[in-house]
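Student: the following block contains a protein sequence and its predicted model.
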Amino acid sequence: MGQGSKSKFSAFLQTLPQEHDCVLCWSKGQLSELQGTAIEIAGDSTRTVFEREVLPIMQQATDIWSAEVQTYEAFELYAGLVQSRAFHMLQENWITGSAQEERDIAKGEQLLHTYGDLSDAQLLQTYGFVEDFEPGYDNPHNFVPVPTVLLLQSCSEAGDEAALACFEGKRKLLQQANILKDAFVVTSQEPLPDDLVTAVQVLHMEPHEFSELEKVEATDGTGEASTSRPASAEPQPGFLLGAGFMNETSDAQAVCTTLLRLVEKLVGRYPTALKDDAAALHRDRPMPHRWKMAVKVRMGEKEILQSMKQAIVMLMMAQEEDDEDSDEDEDDVDDDDEIGDDNGAEETLARIMGMKSARDTPQQQSSERKKHRH
């Protein structure tokens with residue numbers, strides 16, 4: 001661009017817009033609206049990187065970059081144009097992979113490029129836009145990354161002796177089984193993924209349960225000593241427990257409570273509540289475009305967390321119903337503790353999270369284990 005009309009790409013460059021919405025050029029205040037989302041805002045500012053790394057190179061090659069383009073404003077514009085249109089210049093897009101034709105293409109025919117199955121956060125961070133804002137539309141590719149560090153904190157704060165016992169050993173075993181990574185992924189299609197639930201279940205195991213699991217893993221479940229496992233990015237299939245195994249878990253209620261605590265931590269990272277975002281997005285007053293896109297990203301992720309919360313509560317209700325059936329068989333039911341059909345998920349959640357008195361303390365739960373994992 002510094003060569004102006006002398007560049008052989010001059011005609012193409014003249015068609016490019018003079019502004020864009022790529023996140024790299026957002027102000028500090030605008031970036032604050034993305035707090036808590038999947039968009040990674042870390043490291044030095046774009047201006048700092050330009051002044052430290054880019055400008056010195058430009059100043060040494062004035063035959064390529066004239067003085068008029070050796071400014072931060074020009075760099076911000078051109079960097080955004082390259083980032084949002086990189087697939088026009090390369091055969092491979094760093095997110096969606098290689099670009100390949102699916103049919104014969106006639107000479108002079110217009111070609112269209114798909115952005116791929118990307119979330120709102122990925123679209124905004126990479127290309128500077130999100131999907132349309134039509135009421136009722138939800139991007140099916142949205143997801144929420146759940147940092148493993150938050151999961152470990154939620155388990156360690158449980159106050160359950162079982163969760164604290166052998167904690168480091170449990171963490172190492174989960175890592176060896178490729179369950180613990182940097183983050184788990186929660187989607188609207190899978191609001192309670194098996195690897196996430198498995199991690200919490202293992203971390204809540206009683207020492208004797210965990211000892212049994214270690215023995216099984218040490219022999220690959222065959223009774224023979226295990227040799228080194230092949231490297232894999234996927235969790236070991238036989239290791240995944242998930243919600244379907246909850247009845248075999250010694251303390252299903254503690255697992256669900258920890259998962260709810262985790263959701264609250266995730267929701268707490270955002271600067272606003274879901275209902276506030278929904279009201280702002282659909283109000284009649286016009287709002288700045290970048291702010292509107294940030295709200296859309298936040299709202300999509302919070303809706304997934306809401307689905308996650310509901311899935312946990314429903315799982316908890318199912319477990320309590322199983323416990324009540326067992327108690328009825330033993331003729332030991334307290335009427336005040338029963339959950340009837342009229343009690344909704346919010347009632348259950350309130351009781352679980354301690355806003356009302358819980359039926360059992362963690363110490364009582366620990367002393368009333370009903371089953372061992374085999």
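Tutor: Yep, it's here.

Student: which pLDDT value belongs to Asp195?
Tutor: pLDDT recorded at Asp195 is 92.

Student: what number of residues lie near it?
Tutor: For Asp195, the tally of surrounding residues (other Cβ atoms under 10 Å) stands at 20. The way it works is simple: take the backbone N, C-alpha and C, and place the C-beta from them, glycine included.

Student: separation between it and Met293?
Tutor: Noted for Asp195: a distance of 31 Å to Met293, by Cβ to Cβ, to the nearest Å.

Student: again with Phe143
Tutor: Separation of Phe143 from Met293 (Cβ to Cβ): 17 Å.

Student: ok, those two, which is more surrounded?
Tutor: The neighbour comparison of Phe143 against Met293 (other Cβ under 10 Å) goes to Met293, with 25 against 21.

Student: just the element for that one, please.
Tutor: If you go by DSSP states H and E, Met293 is part of helix 289-329.

Student: Pro145 now?
Tutor: Element membership of Pro145 [criterion: DSSP H and E] is strand 143-147.

Student: go on, Glu109?
Tutor: Glu109 belongs to no helix or strand when assigned by DSSP H and E.

Student: could you do Val185 as well?
Tutor: Using DSSP H and E, Val185 sits within strand 183-187.

Student: got the contact list for that strand?
Tutor: For strand 183-187, the surrounding residues in contact (Cβ atoms under 8 Å, 6 or more residues apart in numbering) are 142-148, 151, 192-193, 195-196, 199, 304-305, 308.

Student: do that again at 6 Å, thanks
Tutor: The contact list for strand 183-187, computed with Cβ atoms under 6 Å, 6 or more residues apart in numbering, reads Phe143, Val144, Pro145, Val146, Pro147, Leu196, Ile304, Met308.

Student: could you do stretch 15-23 as well?
Tutor: Gly80, Leu81, Gln83, Ser84, Gln125, Gly128, Arg290.

Student: one more pass at 10 Å, please.
Tutor: Residues from elsewhere that reach stretch 15-23, judged by Cβ atoms under 10 Å, 6 or more residues apart in numbering: 1, 25, 30-31, 34, 39-41, 46, 76-85, 121, 124-130, 289-290, 293-294.

Student: quick check: end-to-end length of it?
Tutor: One end of stretch 15-23 sits 22 Å from the other (Cα to Cα, to the nearest Å).

Student: mind listing what's buried in it?
Tutor: His20, Asp21, Cys22, Val23 (16 or more other Cβ atoms under 10 Å).

Student: those residues: which two are farthest apart?
Tutor: Farthest pair in the buried residues of stretch 15-23 (Cβ to Cβ) is His20 and Val23. Separation: 10.2 Å.

Student: ramachandran angles for Asp63?
Tutor: As for Asp63, its main-chain torsions (degrees, to the nearest 10) stand at phi -70, psi -20.

Student: help me confirm that Asp138 comes into contact with Ser188.
Tutor: Yes - if you go by Cβ atoms under 10 Å, Asp138 and Ser188 touch, sitting 7.0 Å apart.

Student: okay, these two: which has more neighbours?
Tutor: For Asp138 versus Ser188, neighbours defined as other Cβ under 10 Å are more numerous around Ser188 (18 against 13).

Student: quick one: contacts for that one?
Tutor: For Ser188, the contact set (Cβ under 10 Å, 6+ apart) comprises 138-144, 300, 303-304, 306-308.

Student: which of those sit farthest apart?
Tutor: Pairwise distances across those peak at 17.6 Å for His141 and Gln306 (criterion: Cβ to Cβ).

Student: tell me which of the two has more neighbours.
Tutor: Neighbours per residue, other Cβ under 10 Å: of His141 and Gln306, the larger number sits with His141, 18 against 15.

Student: the more buried one reaches Ala38, doesn't it?
Tutor: No - applying Cβ under 10 Å, one finds His141 not in contact with Ala38, separated by 11.3 Å.

Student: okay, now the unreliable bits of the protein?
Tutor: Residue ranges of the chain with pLDDT under 70: 1-5, 41-43, 86-100, 133-136, 159-160, 162-163, 219-250, 322-374.

Student: if we can go back for a sec, distance to Asp104 added to the contacts of Ser188, as a markdown table?
Tutor: Listed next are the contacts of Ser188 as a markdown table, based on distance: Cβ to Cβ, whole Å:
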| residue | distance to Asp104 |
| --- | --- |
| Asp138 | 36 |
| Asn139 | 32 |
| Pro140 | 31 |
| His141 | 30 |
| Asn142 | 35 |
| Phe143 | 36 |
| Val144 | 41 |
| Gly300 | 38 |
| Glu303 | 42 |
| Ile304 | 41 |
| Gln306 | 47 |
| Ser307 | 43 |
| Met308 | 46 |
